[in-house]
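K.L.:
Sequence first, then the predicted structure:
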Amino acid sequence: MTGVVRTRAELRTALSRPGPIVLVPTMGALHDGHRELLRAARAPGRTVVASIFVNPLQFGPDEDLDRYPRTLDADLAVCEEEQVDLVFAPSAAQMYPEGAPSVTVHPGPAGHRLEGEFRPGFFTGVLTVVLKLFSLVRPDIAVFGEKDAQQLALVRRMSADLDLGVVIQPVPTVRDPDGLAISSRNRYLSESERRAALALPHALWAAAAVASDGGSPEAVIAAARAELDSAHLAVDYVALADPDSFQPAVTGPAVLAVAARAGTTRLIDNIRLELTGAADH
Ligand code: AMP
């Protein structure tokens, strides 16, 4: 039976069990990607805690905080099916009893690029709420999706740099059969926008093919951009980043990260690749 707690006090009582605690932080509207995280979390002897919290701190003033899907009953059914031990679903007042915190987590240089550039304050909001969840739940392990590769890298950095002692367990991106990465925001897409959004996975695959043929970083990026442009998506960025530091990558292991908008819906995706080609000069 999945238990549900909504306050810090209830959480503390519910967590007094032996064995490792594994936290899966989410914003709810659970889909097959989240299910994969919940399955990766489960192992004999572990207590699996899923948090469901739409964190106001990580939404910009023009973003979709108000229309972000909230489907708690369906989410609890998913957690029950995936044998989650405990769901922590706090209100904003429980998480931020004194309002927005004045002390927050500074994401460092990796947090100012890509998503951080297009969503100012986003990673401060994410890392602050993740740190608070770590403090409240005290997990041994926390599970994060590679779908949000920059977030994964920053959470790893935070756990290491601030000696949080939480092992970060990554889970590969779960995709629909046609390749579109599953996201809670996909439900905003019209039929034609969803078709156009397929240019994201196509861009990643085209770029990966160029990289494995020994193409230069510029050629890898150009291949991705051509796919996105052909679908008339509004591209925020196409970039090669070091998987750990998220600084620009020109050789060796890299993440190709893309962000683009289909209509008003902003989508991100990424793929790991190996850069062996020389940079163009
Ligand atoms: P969210 O609820 O969108 O904040 O995501 C919660 C967690 O689920 C994050 O660690 C995401 O990276 C992960 N996640 C979201 N979508 C996917 C997906 N399609 N595949 C794998 N992980 C995902």
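P.N.:
Happy to help now that I have it. Residues are numbered from 1 along each chain as shown.
K.L.:
Show me the strands in the stretch 51-200 of the chain, by range?
P.N.:
According to DSSP state E, counting those that start in this stretch, the stretch 51-200 of the chain carries its strands in the segments 86-88, 141-145, 167-171.
K.L.:
longest helix in this structure, by residue count?
P.N.:
Taking DSSP state H as the assignment, the helix of the chain that covers the most residues is helix 122-137.
K.L.:
Quick one: list the elements packing against it.
P.N.:
The helices and strands touching helix 122-137, judged by 3 or more Cβ pairs under 8 Å, 6 or more residues apart in numbering; DSSP states H and E, are helix 8-14, strand 21-26, strand 47-52, strand 86-88, helix 115-118, helix 149-161. Where C-beta positions appear, they are placed from N, C-alpha and C, glycine not excepted.
K.L.:
model confidence over stretch 1-10, on average?
P.N.:
Here stretch 1-10 scores 95 as its mean pLDDT.
K.L.:
Only C-alpha atoms, please: export that stretch in CSV.
P.N.:
Extracted as CSV, the C-alpha positions of stretch 1-10 are listed here (Å, rounded to 0.1, in the frame of the first residue of the first chain):
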residue,chain,number,x,y,z
MET,A,1,0.0,0.0,0.0
THR,A,2,1.3,3.4,-0.9
GLY,A,3,1.0,5.9,2.0
VAL,A,4,0.4,9.6,1.3
VAL,A,5,1.7,12.3,3.6
ARG,A,6,1.2,16.0,3.1
THR,A,7,3.1,17.6,6.0
ARG,A,8,6.7,17.5,7.3
ALA,A,9,5.5,16.0,10.6
GLU,A,10,3.7,13.1,8.9
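K.L.:
which residues touch that stretch?
P.N.:
Residues external to stretch 1-10 that are found in contact with it (Cβ atoms under 8 Å, 6 or more residues apart in numbering): 11, 14, 76, 79-80, 83-91, 94, 136.
K.L.:
Distance check, Val258 against Gly33.
P.N.:
Shown here: Val258 relative to Gly33, a distance of 17 Å by Cβ to Cβ, to the nearest Å.
K.L.:
picking that back up, so which of the helices and strands packed on helix 122-137 gets nearest the ligand?
P.N.:
strand 21-26 (3.9 Å; Cβ to the nearest ligand atom).
K.L.:
What strands line up against that closest one, and which way round?
P.N.:
According to DSSP bridges, the neighbouring strands of strand 21-26, each with its direction, are strand 47-52 (parallel), strand 141-145 (parallel).
K.L.:
Relative to the whole chain's centre, how far out is the helix or strand following that strand?
P.N.:
Next along the chain after strand 21-26, taking DSSP states H and E as the criterion, comes helix 32-41. A distance of 13 Å separates the C-alpha centroid of helix 32-41 from that of its chain, computed with Cα atoms, centre = their mean, to the nearest Å.
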